[in-house]
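**Q** Okay, structure incoming, though there's no sequence with it:
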């Protein structure tokens, strides 16, 4: 068999084998039974079930950022809080407070607390501000609140004092009696205060009593070690201007260094007018340097043309210029532009 004959022989052989394979395959159309083919369901013939559920009141799940505006129209409780003067928008981005308020019913869960706070001496026109600052008081047990008020009465705080404390620091009632008692004891022993002293600073700045004691210790250390105030001076600072003890240590020290070293004010003068320590440093610098430019930076009360420290931090710029510097405010502004 030559080459050409062999080629056609092999080709014909392959064709025959392929044909045989196709004829014995079980995958032909004839081998598929009719019951194996399912017709699609006719959904048009399915009965339509009517749904009578009202979905109009469904709200999306609470997210990390939301507001109560969309709930006020449908919540009588929120409407009554708004009428009371509560600023609901201040609860925005506070989901814990928002979710708590939404669960409360005004008559069942809120009314007794509002009446309680009013009976404690908070005026009706201040109730909105109170509950804006401390909405979580609604989660406190009413008996605990009574105990905290009775504790103040036991410590000889008058009704007027209690009223001032609650108005100035609404979150006072959210602190336990044990914590308040420990804090009052801390200040009394740390500064050797009498009962009247501790009551006076509590009324002046109730926030100080609930302030972090670690921060208070930091201020005490700075006043003593970095600024040089002795124990008696630190006590007088507390009694005259307790706000010093809740200020930023960094800012407090910056102001003291400028007032004491640059302006030449001694400790005694600062203790007499400690409010200057809470004034913005830029304001102190601008006014002192302007007085120095005019040769009027005279802070010694025993000498003529005395300028008190209160003149440095009080009043507007026009008032300072007219009453203290005796110049126009335009001249003051021109000076600042040339210096800064």
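**A** Looks like it arrived, so ask away. Values in this document were obtained by computation on a predicted structure and should not be read as measured data.
**Q** Any regions of the stretch 101-250 of the chain where pLDDT drops low?
**A** Counting by pLDDT under 70, the stretch 101-250 of the chain contains no low-confidence range.
**Q** Which stretches in it count as helices?
**A** 111-119, 127-133, 142-154, 159-168, 177-191, 195-204, 206-210, 213-221, 231-240, 249-257 (DSSP state H, counting those that start in this stretch).
**Q** and of those, who's closest to residue 82?
**A** Ranking the helices of the stretch 101-250 of the chain by proximity to residue 82 (C-beta to C-beta) places helix 127-133 first, at 8.7 Å. Just so you know, the C-beta spots here come from the backbone N, C-alpha and C atoms, and that holds for glycine as well.
**Q** Return the list of helices and strands in contact with the closest one.
**A** With contacts defined as 3 or more C-beta pairs under 8 Å, 6 or more residues apart in numbering; DSSP states H and E, helix 127-133 has these neighbours: helix 76-84, helix 111-119.
**Q** returning to that earlier point: looking at the helices of the stretch 101-250 of the chain, which is closest to residue 268?
**A** Among those, helix 231-240 comes nearest to residue 268, with 8.1 Å by C-beta to C-beta.
**Q** report the angle between the axes of the closest one and helix 195-204?
**A** 50 degrees (axes from the mean of the first three to the mean of the last three C-alpha atoms, to 10 degrees).
**Q** Tell me the buried residues in helix 231-240?
**A** Using 16 or more other C-beta atoms under 10 Å as the test for burial, helix 231-240 gives 233, 234, 235, 236, 237, 238, 240.
**Q** list the contacts for the fourth one?
**A** Yep, that's residue 236 we're talking about. residue 271 (C-beta atoms under 8 Å, 6 or more residues apart in numbering).
**Q** The first one too?
**A** For residue 233, the residues meeting the contact criterion (C-beta under 8 Å, 6+ apart) are 223, 267, 271.
**Q** picking that back up, can I get the helices of the stretch 101-250 of the chain in CSV with distance to residue 321?
**A** CSV is the format used below for the helices of the stretch 101-250 of the chain (distance: least, C-beta to C-beta, whole Å):
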stretch, distance to residue 321
helix 111-119, 45
helix 127-133, 36
helix 142-154, 46
helix 159-168, 34
helix 177-191, 40
helix 195-204, 32
helix 206-210, 35
helix 213-221, 34
helix 231-240, 28
helix 249-257, 22
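**Q** among these, which is nearest residue 299?
**A** Of the helices of the stretch 101-250 of the chain, nearest to residue 299 by C-beta to C-beta is helix 249-257, at 14.9 Å.
**Q** now stretch 153-168, how far from the chain's geometric center?
**A** Chain-centre distance of stretch 153-168: 25 Å, with C-alpha atoms, centre = their mean, to the nearest Å.
**Q** can you list the helices and strands packed on helix 127-133 in JSON lines and add mean neighbour count and distance to residue 179?
**A** Putting those into JSON lines (neighbours: other C-beta atoms under 10 Å; distance: least, C-beta to C-beta, whole Å) gives the following:
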{"stretch": "helix 76-84", "mean neighbour count": "16", "distance to residue 179": "28"}
{"stretch": "helix 111-119", "mean neighbour count": "15", "distance to residue 179": "20"}
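**Q** would TSV of those helices with distance to residue 229 be doable?
**A** Listed next are the helices and strands packed on helix 127-133 as TSV, based on distance: least, C-beta to C-beta, whole Å:
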stretch	distance to residue 229
helix 76-84	45
helix 111-119	39
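**Q** Which stretch among the ones you listed approaches residue 340 most closely?
**A** Residue 340 sits nearest to helix 76-84 of all those, at 46.2 Å, using C-beta to C-beta.
**Q** Show me what the mean pLDDT comes to for the closest one.
**A** Averaging pLDDT along helix 76-84 yields 94.
**Q** angle of that helix against helix 111-119?
**A** Using the same axes, to 10 degrees, the direction of helix 76-84 lies 20 degrees away from that of helix 111-119.
**Q** if we can go back for a sec, neighbour-wise, which one of the contacts of residue 233 leads?
**A** Within the contacts of residue 233, residue 223 tops the neighbour count with 24 neighbours, counted by other C-beta atoms under 10 Å.
**Q** contacting residues around that residue?
**A** If a contact means C-beta under 8 Å, 6+ apart, then residue 223 has 229, 233, 234, 237, 244 as its contacts.
**Q** ok, so of the residues you listed, who is nearest residue 334?
**A** Proximity of the contacts of residue 223 to residue 334 (C-beta to C-beta) peaks at residue 244, which lies at 34.8 Å.
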